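Chemist: Structure of the sequence below:
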Amino acid sequence: MSIRSWGTVKSWAMGLLALALLIPGAGLRAACVDSVVLVHGNTGSPGDFQNTYNLLRQNGYADAQIYAPSWGNALCAACNDHSGSEETPVANAINAAIAGSCTGRIDVIGHSMGATLAAREIDKLGVSGKVDVFVGIAGAFHGLWSCGTYPFNVATSTCGYWGLSVGSPFLGSIAGHRFGQRMYSIKSWIDEINCYGGVCTVGGVHTSSIDGETGSLTYAYGHYGLLWYTAADQLLLLQ
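Modeler: A predicted model of the protein is given here:
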């Protein structure tokens, strides 16, 4: 190859590079994305997010960019709340995800009680400014009627002071707070857990809605179907 022809090829290559840099998402976007934290629900496991995990991996996320902490007593749903040992794995995952993120920011997706627990840790750590997107799937941000109204009918930890009874001090402590730059809820009007007795609303608002949310997606799925069957839309919300 002559010097002149090499110069032509070099100019052509540089032109392509310049074009790539002008196209949003080209080049670096494929390699550098926000780390993602996936927080399962009460007595669940990281495997509950298998569909989401698979889709993230298929769309350029490295395994090291996905954090899925295991938290709580997997054999006692009534024992778990939003304070103490349940917090540690989630807080550690959020801190590790931020520290390891090539963008310096993270996205967080929580399901059921994992959504409110993730919100608690983001709020407690004071890192909402580091969270680009927060997605709460089937969360009970306004409480569960099956837990009663605080301080009545709250015989278990899950429904107590640090739990999900309607009007609990815990829910009051995160009400109106931000858990990310963009916040989305994924909900259903046939959620068998959040719509106990056929009632999904608390104070006229669907309990899965997040105060100040950017948007909300509604599906005709049950409590776990909202997690399992919405992976594609979860991914879209992170973009």
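Chemist: Identify the residue nearest R182 in space, chain neighbours excluded?
Modeler: T214 (4.5 Å; Cβ to Cβ, 6 or more residues apart in numbering). In this view, the C-beta of every residue, glycine as well, is placed from N, C-alpha and C.
Chemist: Confirm for me that that neighbour is in contact with Y184.
Modeler: Yes. With contact defined as Cβ atoms under 8 Å, T214 reaches Y184; the gap is 5.8 Å.
Chemist: Just want to know which of these two has more residues nearby.
Modeler: Y184 (21 against 14; other Cβ atoms under 10 Å).
Chemist: Just want the phi and psi numbers for the more buried one.
Modeler: Per-residue torsions, Y184: phi -130, psi 150 (degrees, to the nearest 10).
Chemist: cool, and the one 10 residues further on?
Modeler: For N194, the backbone dihedrals (degrees, to the nearest 10) come out as phi -80, psi -20.
Chemist: so who does it touch?
Modeler: Applying Cβ atoms under 8 Å, 6 or more residues apart in numbering to N194 gives the contacts A138, A140, L144, K187, S188, C200, T207, S208, H223.
Chemist: From these, which land in strands?
Modeler: L144, K187, S188 (DSSP state E).
Chemist: out of those residues, which are buried?
Modeler: Buried positions within the ones in strands among the contacts of N194, assessed by neighbour count (16 or more other Cβ atoms under 10 Å), are L144, K187, S188.
Chemist: A155 versus the second one, what's the distance?
Modeler: The one in question is K187. Plainly put, K187 is 27 Å away from A155 if you go by Cβ to Cβ, to the nearest Å.
Chemist: Check C76 too.
Modeler: Taking Cβ to Cβ, one finds C76 at 14 Å from A155.
Chemist: Over to the residue nearest the centre of the chain: give its phi and psi.
Modeler: Nearest to the geometric centre of the chain sits I109, at 1.3 Å (Cα atoms, centre = their mean). The phi/psi pair for I109 (degrees, to the nearest 10) reads phi -120, psi 120.
Chemist: if I pick the closest residue to it other than its chain neighbours, what's in contact with it?
Modeler: Leaving aside its sequence neighbours, I109 sits nearest to V135 (Cβ to Cβ, 6+ apart; 4.4 Å). The contact partners of V135, by Cβ under 8 Å, 6+ apart, come to D107, V108, I109, G110, A115, M183, Y184, S185, I186, Q234, L237, L238.
Chemist: so V135 bridges to which residues?
Modeler: Beta bridges link V135 to I109, Y184, judged by DSSP bridges.
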